[in-house]
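A.B. asks: this one's sequence-less:
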Ligand SMILES: Nc1ncnc2c1ncn2[C@@H]1O[C@H](COP(=O)(O)OP(=O)(O)OP(=O)(O)O)[C@@H](O)[C@H]1O
């Protein structure tokens, strides 16, 4: 199974939200989709589902193009499910009835419903009516409905919304199982550190475009990361410890690319960092939240001297 998007552009009237988006996904991939509120994540899902009109672009599943014709859209919706909106739930029906409905419409396997309920630890409330559910209970139900539909491609918009840490962890584990089942799952999320726990790739939308794709399975450049205050950053800068592409993020974390250092510079810098805040030193690639701070301007200061260098981070 593959999902390929070619040159997708979407506008609401004259307001262009997405421009020339292209990517290809293979089976068994969990893809994080991140961007600030209002950038176009939901619009991207809606456009691929053809819930909204696409100005330009093509959508292929397994190499076959799915156009906006009724026949194609119907067939596309057999292959892709979209995370239900909580407002789409029927207040007078039970959670079990919702899960059964999704199983019947898509997978046709009602017998798996009990298993899904157990896996998502919903036994104690699933037979009650939805009107009695909390936000987190509804969210888990929406996720269970997607699992029951069992389509090869799933779009999870804000799947972690309203979930407590224990349920974030439970849903993350089930997402990993979906990858083992060879699904393609795209997950729009603002829980950036959580994405690092399971995503294969993270897509960053910016300025209407697919600005960057981070492949979390690839070996990525390592950084020294240390918590320092502004005065300490100034000191490091004045004493010429900081190289190009060093970032100082809004959470006070200074990220220094190790690959830019000679062995001698590396040794000296490490000594200096130990002096400043030895306990906080970490060596790792930039995580999704650090890229996010970097891309969307939540950094206090960036020491690189040009856009070219940015792209190499
Ligand atoms: N039906 C619509 N008509 C006009 N503009 C819309 C419509 N839906 C969304 N927009 C606009 O398109 C832009 C992208 O919205 P979208 O909901 O796709 O963002 P998002 O990245 O999913 O945001 P969030 O993180 O808040 O869910 C926003 O500026 C929004 O106001």
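C.D. replies: Looks like it arrived, so ask away. What you see is a predicted model; the values in this text were computed from it and never measured.
A.B. asks: quick one, helices of the stretch 201-313 of the chain?
C.D. replies: 230-238, 263-277, 288-295, 307-312 (DSSP state H, counting those that start in this stretch).
A.B. asks: buried set for stretch 255-268?
C.D. replies: 255-257, 260-261 (16 or more other CB atoms under 10 Å). All C-beta spots, glycine's among them, are computed from the backbone N, C-alpha and C.
A.B. asks: over to stretch 189-196?
C.D. replies: Across stretch 189-196, burial judged by 16+ other CB under 10 Å covers 189-192, 194-196.
A.B. asks: what's the domain layout of the chain?
C.D. replies: Domain segmentation of the chain under automatic domain parsing yields 2-215, 223-312.
A.B. asks: weakest of those in terms of mean pLDDT?
C.D. replies: Ranked by mean pLDDT, those bottom out at domain 223-312, which scores a mean of 83.
A.B. asks: tell me the one of the buried residues of stretch 255-268 nearest the ligand?
C.D. replies: Taking CB to the nearest ligand atom as the measure, the ligand sits nearest to residue 255 out of those, at 25.1 Å.
A.B. asks: that closest one bridge partners, please.
C.D. replies: residue 225, residue 247 (DSSP bridges).
A.B. asks: surely it meets residue 284?
C.D. replies: No: under the criterion of CB atoms under 8 Å, residue 255 makes no contact with residue 284, lying 9.4 Å away.
A.B. asks: so which of the helices of the stretch 201-313 of the chain is nearest the ligand?
C.D. replies: helix 288-295 (12.5 Å).
A.B. asks: contacts made by that closest one with the rest, please.
C.D. replies: Surrounding helix 288-295, the residues in contact under the criterion CB atoms under 8 Å, 6 or more residues apart in numbering are 32, 34, 192-193, 195-196, 199, 202, 204, 206, 211-212, 214, 216, 225, 247, 249-251, 253, 255, 286, 298-299, 302, 310, 313.
A.B. asks: which ones are touching residue 197?
C.D. replies: residue 172.
A.B. asks: from residue 290, how far out is it?
C.D. replies: Note on residue 197: its distance to residue 290, by CB to CB, to the nearest Å, is 15 Å.
A.B. asks: same check, this time on residue 198
C.D. replies: For residue 198 relative to residue 290 (CB to CB), the value is 18 Å.
A.B. asks: picking up where we left off before, reformat the buried residues of stretch 255-268 as a markdown table; add distance to the ligand.
C.D. replies: Formatted as a markdown table, the buried residues of stretch 255-268 follow (distance: CB to the nearest ligand atom, whole Å):
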| residue | distance to the ligand |
| --- | --- |
| 255 | 25 |
| 256 | 31 |
| 257 | 29 |
| 260 | 33 |
| 261 | 37 |
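A.B. asks: now the two most distant members of these.
C.D. replies: 255 and 261 (13.1 Å; CB to CB).
A.B. asks: circling back to that earlier point, buried ones among the contacts of helix 288-295?
C.D. replies: Looks like these have 32, 34, 192, 195-196, 199, 202, 204, 212, 214, 216, 225, 247, 249, 253, 255, 286, 299, 302, 310, 313 buried, using 16+ other CB under 10 Å.
A.B. asks: which ones are touching residue 110?
C.D. replies: Contact analysis of residue 110 by CB under 8 Å, 6+ apart lists 100, 103-104.
A.B. asks: which bits of this structure sit near the ligand?
C.D. replies: Residues of the chain found near the ligand (CB under 6 Å from any ligand atom) are 12, 17, 35, 37-43.
A.B. asks: weed out the non-buried ones from the residues you listed.
C.D. replies: 17, 35, 39-43.
A.B. asks: just the ones of those residues in helices?
C.D. replies: By the criterion of DSSP state H, membership of those in helices covers 41-43.
A.B. asks: number of residues surrounding residue 132?
C.D. replies: Residue 132 is flanked by 11 other residues according to other CB atoms under 10 Å.
A.B. asks: once you drop chain neighbours, what's closest to it?
C.D. replies: Of all residues not flanking residue 132 in the chain, residue 125 sits nearest, at 7.7 Å (CB to CB, 6 or more residues apart in numbering).
A.B. asks: quick check: the one you found touching residue 134?
C.D. replies: No: Residue 125 lies out of contact with residue 134 (CB under 8 Å); the separation is 9.0 Å.
A.B. asks: comparing those two, which residue is more hemmed in?
C.D. replies: A direct count of neighbours by other CB under 10 Å for residue 125 and residue 134 places residue 125 higher, at 19 against 10.
A.B. asks: may I ask which helix or strand encompasses the more buried one?
C.D. replies: Assessed by DSSP states H and E, residue 125 sits outside every helix and strand.
A.B. asks: separation between it and the ligand?
C.D. replies: Applying CB to the nearest ligand atom, to the nearest Å, the value for residue 125 to the ligand is 27 Å.
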